[in-house]
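Asks: I would like the atomic coordinates for the input below:
(5 chains)
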Amino acid sequence: MEGNLIKLSEEFLQELWEEIEEMGMSVKDLRRCIQCGRCAATCPMALAGLDYFIKKIVHASILGLKEIFLEDSSIWGCQSCNRCVEICPMDIKPYELILALRRMCMRNYAMPSSTIDSLRNYYEKGHSVITAGYEERRRKLGLPEVPPTVLSNEEMRKKFQEVIKQTALAEVAPFPLD
Amino acid sequence: MGKPKIAYYLAGGCGGCDISLVDLSEFLIDVVTAVDIVFFAPTLLDVKYKDFEALPDGSIEVGFWSGNVRNKEHEHMAKTMRRKCKTLIAYGICASLGGIKGLVNLYTNQELLEKAYRDTFSTDNPTGELPSPKVTVDGKYELELPELTEVRTLGQVVEVDYLIGGCPPHYEQVKKALIALLEGKLPPPGSWITMGHAVCEICKRNPVLKGKSKEITTEVKRIIEGELEEERCLLEAGYLCLGPVTQGDCGASCLKVNIPCRGCGGPIPEVSDFGLRAINMIASVLENEELVDKIEDPLHLFYRYSLPGSMLGGRIKK
Amino acid sequence: MGWEPKIVVIACNWCTYAAADLAGSLRYSYPPTAHIIRVPCSGRVEPEFIVKALINGADAVLIGGCHPGDCHYRSGNYKALRRFKLLKRVLEELGIEEERIRLEWISGSEAKKFAEVITELDAKIRELGPNPIKRGV
Amino acid sequence: MKRVGLYLGCNIPFRRPDVEYSMRYALKALDFEVVDLEGAACCPAFGSMPSVDLLAWCVGSAWNLSIAEEKGLEYIVTGCGSCYGSLNEAKYHMEKHPEIKQKVNEILSSVGKKYEGKVKVYNFYNLIYDLVGLDELKRKVKFPLKGLICGAQPGCHNLWPEKVFPANDENTFQPKRLREICEALGGEAPWYSTITDCCGMGALGTLAKDKSETLFIRKIKTMLEEINPELYVVGCSSCLLRGDNRQAVMKKEGKIDFELPAVHIAQLVALALGAEPEKVLGLTEVPIEKVLEKIRGGA
Amino acid sequence: MAKIGVYVCHCGENVKGAVNIQEVLDFAKTLPEVVIAKDYQFMCSDPGQNLIKEDIKEGLIDRVVVAACTPRTHEPIFRKALEEAGLNKYFYEMANIRDQDSWAHWHDKLGATEKAKRLIASAVAKVKLAEPLEDRYQEAEKSVMVIGGGIAGIFAALDLAEMGLKVYLVEKQPSIGGNMAKLDKTFPTMDCSACILTPKMVEVGVHPNIELITYAEVEDVKGYVGNFEVTIRKKARYVDWEKCTGCGHCMTICPSKAPNEFNLGLNDRTAIYIEFPQAVPKKAVIDTDNCLYFKTLRKTGKVACKICEKGIPSKNIAGCPAEAIKFEDKDEFLTVKVGAVILATGFKVMEKHHFKEYSPNSPDVLTALEFERLISATGPTEGELRRPSDGKKPKSVAFISCVGSRDERFHTYCSKVCCMYMFKHAKILKEKYPDIDLYLFFIDVRTAGKDFEEFYVSTKQLGAKVIRGGRVSAVDIKPNGKLRIRAFDNDLCSPVEVDVDLVVLATAIEPGIDTEKLGRFFGASCGREGFLREVHTKLYPVDTASRGVFICGCVQGPKDIPESVSQAKAAAASAAATVMPGKIKFEAISAEVIRNKCSSCGVCVNLCPYNAIVLEEYQGIYKAKVEPALCGGCGTCASACPSKAIIFHGFTTEQILAQIEALTTY
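Replies: Model prediction:
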């Protein structure tokens, strides 16, 4: 995109719609949006000042502006607070759109590196977020150093990975699953 | 004049119609003493075809024909019966409209034979033998089986004077018909011998008889689904009952035991095609178009007893 | 003259019949093989009409009604649709080509659609050939 | 005794095990048998599997729930709002779309697991609210809060979307449950107008750190103005990371001029029920001594 | 044997240009029972019609087929010709060989000619089986019932009464006036609502042709257009209205209080009350739910209070001076015969409790109608703007649009009047309190209407702040009593927030509670959104699917006062046109049940879109019967009858089958 002009192209429309439909969002539902702005007033992305927040994201999706989502990372800043889902008067489920767009971007390898890290952690250790130094913190409180999760149970971890390998993660993960 | 002579022939049928005569119990004795049964094949009397054929034409007062016309033998016998009998009655729904066995018309004889003699799980036929019209037994006896034809109603082969519905006809209806015959109080030739109205008119479940209108059918259920309420109209409850289109001479027997009417009684007079009226009726009571898609196997449902006798009759593409 | 298709159209007075009139006044041309029987409402169509036409030798039957929601009699077209759908399922199972029986919603203003439907149906029937279930065949 | 599965998630066991400790303590003190879900994994968090694929998300959640089902549990409890949201949303999707549930089970069956959908997923404060009750909680309090003014923060994931949760506030835009628990413990938890505002933690915190902090600052400043609380009490471990750990950093970086001690509701309950303060508050970063003094001072 | 005459029209060149007339005539003569086949240049001209008439008169023919243009335009002309010649007009069929033949197949002369033959054969086959039919007329009552005494009902009633028709105006509340009576001013002219409405209410009250029946509801309806029999339940008033002078003394002494509905509960009224000061009729009623006499009687069986009747003698307070109190009053039933009905029962506004994110528990969050009462001179504060919570004058007010409208979860439609009344509210406040801060939040501003856009601009000029694209997302209560609004401003492209003292929600206009039930009584159906539906939005905007039943005002959908009044006048004109001639024509083309063939299966009953099929005992069994006056003539029942017991006159099964036979034979 150069300067402040967005080109609307029929070609893109179709492509994005097909992709987000495939990723679990109904475009027909989405098109009910009348841009009333109710979601935007309390969307954390809007309040934090991201370039694209839920109202604009819905509109851009209806216009099929795929490039925006591949280039701008705003959708990855959605807090998943679901307030938009709760208050949307047209019941378009904006948050489901965010997830569908992320899934679409994921298939185009357009995601922040932190997402890749958390997915790798998730697959390898069973936890998306593992903060270093936990052993020490847990010991201090008299808790077992490693929590009784998949992390401390090798057999379960293998099974867990076996299961995860059968999901779409295997197709889109930018790292090997083995 | 002596006692009226009676003939009875069972063609492509199951014998159920014969049994419904037995259901007349004591009344049967009155009948048997009032008439002279000259021919009752193949179930009751051992009269040879030759002897039957030798009787003078028109010498029999009334002929009853049960079962449909499925092969050349039936066809031959139908013509013979017609010649011998002054009045010929298609007795039961097979004779009248083809009956359940009329559904074979949906398939070729080859398909049917293969199914019956080869393709079923329980069949033990290692050589894949199929019946063939001509067989030589012991190398010397030529045996000839009657050739299978499409199922036809009796009326499609010879002229029929009266029709009686039912699979089998209800004994009360048989009784009424016999009395009418014996007393000579018959409707115009070509008619059904029937009360003339639908099962609904005598069905205890019908709210209309209590002055209430039927509710619209909002779901389509199979008979195995849900609980049948004792008093409720089955159509209202979503069971595809054909009571409205079926002659009610049966006394709504099935409905009394929680079975929706399947139409064995045949259509109400003036209805030219039972299945089409049934389709029309069911589609008319349903609340919406989507329910139409929920009806399973509509062809068998609506034409269970009347395919050969339907308007499309023998013109079905296989 | 060789075989020409014969199409029986049973059309509702308020929509499809009016569309056919309009098609004429706008001089849209379509094959002269379709003949309308006028009924007040598509809800007046009995399945027997369709089958009777077919066994009598009509090569196709078209039922024309008002668009859903536009029925002059409120809901006759919905009843027609239900009956038609169920009938069609049965007739198809009996081996009647589905193209030979058709239901179309054609409003009084859709003259062009009327002409197009008839043209298309005529072409389809020419492709399929004469109706095989004609009486006596 | 009531059995409850303790679903840990990631942040609590690794980053804030003091919340884990507190949950264990509090649940036991409230007569629960705490059952560990050995082999449970990440919920999975919204930024991970849910952003990859709907089915993959459901598989991840069903893995955890199947472990609870194997143990014959009726319900499990989370201390983290994301876990609460993710597990319940996945459950909801599987209920709504039997075909997804079926596919999930096809995958799980390859390792001999099965998901039925029988387990209810509670968050900590709703579990207390629904299965213990405020009166019972009041009776068990050993160290009441003595009128301590609490700024309550239920957390977005604990409230919306309403329809997926087994328990919720009557009006999720005017939540009361967390406040009522603080009050049952002897504190005061007045209404303030930014109670349902986002704390800024989560995806936004990773993507746009500075921008996300403005949300927190705005929220807390309004709260301070309106009710001037002594303690910030959160219903979600993410809110705690923001409210305590991140607050400490912001203070150090000079981005804020206030200092508001923060705890997870499980910590506050454990403390009131008599847990050792060193363990319950062992990892707290914003100075909390004054609060502790007020609660334990006289005891 | 019928004697059928076939007349082929050339229509100048229109038919002749494509159809070989001679060939068609020769063919027609070969058709069974055709005795004459003639052609003429213009059959519809007088000489053309005379051809037919003469043949009929000479007894040559008794059935007529005209092969010409479309029956949709020309059938009536030829039917009339038959009638004039003394033949039943239904012994007539038309073969449409112009519109559907020559014109469409102009370049295929052979095809057009063949098709013309078949179309004629089809018409001949049909006319052969024709039966003589008679159009029927029934006497109609020259009176109209108007249900609902709001602005629409009032105008409908007045117009009808002025035309000299007897009008029954039925109103649920003790007084007419409806929602308009609750309004302060009206946009865009800013007339005071009461000032323009009250004279009209009085006019209704004194009009000799109007019988005003208030505090009454429809109990039952029988009959059909021309002859409706409506039973009305007049609710017990417990005050003898013959005696009550409307002095209001009872209200000064009644000790029992209840929320005042007229002020939407913003203040209290007494248990015996006159609905509002300008009520017509100005009569008191007792609300038994709150009256001490009835409450204690129900609970203890004893009489505790009769102050309104007897006063308090010990304190020298007198009871009702007119001696009108009548504790033993009972509901009365009254049956009225009318020729047509107008339904004008209006709307209700959504209540605020649905909107959880808007702090509905705050007394300072009001619906717009509550706000109307708050600023009305006859309202609880006598027109002074004061916050319900603390009685202080608000410094800032926010108005929120589309609350429950344009909303999938409540009402998908636009409530139409909200944008405008929000400006009206702003204008009233700004004119009264120039310093007040007003924030108007819109999704978008809709001001389509005469003088509306100007009204919008002038309101902005007064200083009201308009935020667009700003459906409010949250109203939160601040501990200091303020209400914080969070919205999005499309033009700033940013979320915005503002603290205000008072919030006014433009909650949706929704169908009144009993709208559907009322519709069912009269055979008028509701649309998806629950308002009564017009038959055709453009051509029959005040007609319902039930003949003789008309609608006007908000019962049909949200609308403003000018629109309601125009519609009321339209409905009055339509109702008058129905009953004025004194008789009503019913089509001959209709269904009839041959009852001895009917099997009582009931399939037809639900099929009828006009509820024209009833069950009636016939020879001891309930059988279907078509009420001819109600039959709309679609034939759906006849198609379905499993017993073939229903004849559809004009398009019988035999006729259609004969047409099929003809079309496929030739």
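
Asks: lowest-pLDDT helix or strand in the chain?
Replies: I went with chain A, as the question did not name one. Every helix and strand of chain A was ranked by mean pLDDT, DSSP states H and E. The lowest is helix A:10-22, at a mean of 80.

Asks: you looked at the wrong chain, it should be chain D
Replies: Across the helices and strands of chain D, the lowest-confidence element by mean pLDDT, DSSP H and E is helix D:203-207, at a mean of 89.

Asks: Downstream of that one, the next helix or strand is which one?
Replies: Using DSSP states H and E, the helix or strand that follows helix D:203-207 towards the C-terminus is helix D:209-227.

Asks: Who are the packing partners of whichever helix or strand comes after that following helix?
Replies: Moving toward the C-terminus from helix D:209-227, the next helix or strand (DSSP H and E) is strand D:231-234. Under the contact criterion of 3 or more CB pairs under 8 Å, 6 or more residues apart in numbering or on different chains; DSSP states H and E, the helices and strands touching strand D:231-234 comprise strand D:150-153, strand D:262-264, helix D:265-273. C-beta coordinates here come from the backbone N, C-alpha and C atoms, glycine included.

Asks: Report the rounded mean pLDDT for the shortest one.
Replies: Mean pLDDT, taken over the full extent of strand D:262-264, equals 97.

Asks: for chain B, which spans come out with low pLDDT?
Replies: Low-confidence segments of chain B, defined by pLDDT under 70, are located at B:1, B:314-318.

Asks: what does it have sitting close to chain E?
Replies: Chain B has residues B:196-198, B:200-201, B:206-216, B:243-245, B:248, B:268, B:270-271, B:277-278, B:280-281, B:284-285 near chain E, with proximity defined as CB under 8 Å from any CB of the partner chain.

Asks: One more pass at 7 Å, please.
Replies: Proximity of chain B to chain E (CB under 7 Å from any CB of the partner chain) is limited to residues B:197-198, B:200-201, B:206, B:208-209, B:211, B:213-214, B:216, B:243-245, B:268, B:270-271, B:277, B:280-281, B:284-285.

Asks: what ranges do the strands span in chain C?
Replies: For chain C, the strands identified by DSSP state E occupy C:7-12, C:34-39, C:60-65, C:101-105, in order along the chain.

Asks: Now tabulate those strands in JSON lines and tack on mean pLDDT.
Replies: JSON lines is the format used below for these (pLDDT from 0 to 100):
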{"stretch": "strand C:7-12", "mean pLDDT": "96"}
{"stretch": "strand C:34-39", "mean pLDDT": "97"}
{"stretch": "strand C:60-65", "mean pLDDT": "96"}
{"stretch": "strand C:101-105", "mean pLDDT": "96"}
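
Asks: quick one on the thing from earlier: could I get the helices and strands packed on strand D:231-234 as a markdown table with distance to chain C?
Replies: Rendered in a markdown table, the data for these read as follows (distance: least, CB to the nearest CB, whole Å):
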| stretch | distance to chain C |
| --- | --- |
| strand D:150-153 | 51 |
| strand D:262-264 | 57 |
| helix D:265-273 | 55 |
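
Asks: Please convert these to JSON lines, extending it with mean neighbour count.
Replies: Shown next, in JSON lines, are the helices and strands packed on strand D:231-234 (neighbours: other CB atoms under 10 Å in any protein chain shown):
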{"stretch": "strand D:150-153", "mean neighbour count": "28"}
{"stretch": "strand D:262-264", "mean neighbour count": "28"}
{"stretch": "helix D:265-273", "mean neighbour count": "29"}
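
Asks: Just to check, E:Thr345 is in contact with E:Gly148?
Replies: Yes: with contacts defined as CB atoms under 7 Å, E:Thr345 counts as touching E:Gly148 at a distance of 3.8 Å.

Asks: residues shared between the contacts of these two?
Replies: Counting by CB atoms under 7 Å, 6 or more residues apart in numbering or on different chains, the residues touching both E:Thr345 and E:Gly148 are E:Val555.

Asks: residues contacting the residue nearest the centre of chain E?
Replies: Centroid-nearest residue in chain E, with CA atoms, centre = their mean: E:Ile551, separated by 2.6 Å. Counting by CB under 7 Å, 6+ apart, E:Ile551 touches E:Leu343, E:Ala524, E:Leu532, E:Glu534, E:Val542, E:Thr544, E:Ala571.

Asks: tell me the domain boundaries of chain B?
Replies: Using automatic domain parsing, the domains assigned to chain B come out as B:5-100+B:149-192, B:109-144, B:199-302.

Asks: Nearest to E:Leu169, out of those domains?
Replies: Taking CB to CB, domain B:199-302 is the member of the domains of chain B nearest to E:Leu169, at 33.6 Å.

Asks: how about the closest one, does it get close to chain C?
Replies: Yes: under the criterion of CB under 7 Å from any CB, chain C is reached by domain B:199-302 at B:272-273, B:276, B:279-280, B:282-284, B:286, B:289, B:292, B:295, B:298-299, B:302.

Asks: Show me the helices in the chain, by range?
Replies: If you meant another chain, say so; for now it's chain A. With DSSP state H as the criterion, chain A has helices at A:10-22, A:27-30, A:44-48, A:54-62, A:66-71, A:83-87, A:94-107, A:113-125, A:134-140, A:154-165, A:169-172.

Asks: ah, no, chain C please
Replies: C:16-25, C:47-55, C:76-93, C:111-128.

Asks: got the ones you listed as CSV, with mean pLDDT, distance to B:Pro56 and mean neighbour count columns?
Replies: Formatted as CSV, the entries for these read as follows, by pLDDT from 0 to 100; distance: least, CB to CB, whole Å; neighbours: other CB atoms under 10 Å in any protein chain shown:
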stretch, mean pLDDT, distance to B:Pro56, mean neighbour count
helix C:16-25, 93, 61, 25
helix C:47-55, 95, 40, 24
helix C:76-93, 94, 47, 23
helix C:111-128, 95, 53, 19
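
Asks: Kindly reformat the ones you listed as a markdown table containing distance to A:Arg137.
Replies: Written out in a markdown table, the entries for the helices of chain C read as follows (distance: least, CB to CB, whole Å):
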| stretch | distance to A:Arg137 |
| --- | --- |
| helix C:16-25 | 79 |
| helix C:47-55 | 78 |
| helix C:76-93 | 68 |
| helix C:111-128 | 74 |
